[in-house]
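Novice: need coordinates for the below:
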Amino acid sequence: MTDELTAAIERLIAALPPHKAGLSIHHNEHLTYYETAKAYTDDIARNIGGMDWASDEERAQAYEKNELWEVHWYPNTPVGSCSVYGATLEGVLRRVMEDA
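Specialist: Here you go, the predicted model:
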């Protein structure tokens, strides 16, 4: 790996939330189901009673561009998880870091 790529990976790892169990990052999972970002997230919100967006701007941009990032993690145990959604990985990680 190049030094630049290694540094980028180290910055990404530093931006991830603390987790004692699994952590995953999803990009455009809605396309797997032939859905728009809006339809996909509406289904999630309906099933779990809401969603945590990085910001209102990130949500609007996700719907406008049909671009969706999710960071999902288990902060303490394999029971009880958190997810943050947004149009950009940067926006989602920024929000995650605020809450960490």
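Novice: apart from its neighbours in sequence, what residue is nearest the residue minimising distance to the centre of the chain?
Specialist: Central residue of the chain (Cα atoms, centre = their mean): residue 70, 2.1 Å from the mean position. The shortest distance from residue 70 to any residue that is not its chain neighbour, by Cβ to Cβ, 6 or more residues apart in numbering, is 4.4 Å, and that residue is residue 26. Just so you know, the C-beta spots here come from the backbone N, C-alpha and C atoms, and that holds for glycine as well.
Novice: assign that neighbour to helix, strand or coil.
Specialist: Three-state secondary structure (criterion: DSSP: H, G, I helix; E, B strand; the rest coil) places residue 26 in strand.
Novice: separation between it and residue 19?
Specialist: Per Cβ to Cβ, to the nearest Å, residue 26 is found 15 Å from residue 19.
Novice: just give me the neighbour total for residue 36.
Specialist: 15 (other Cβ atoms under 10 Å).
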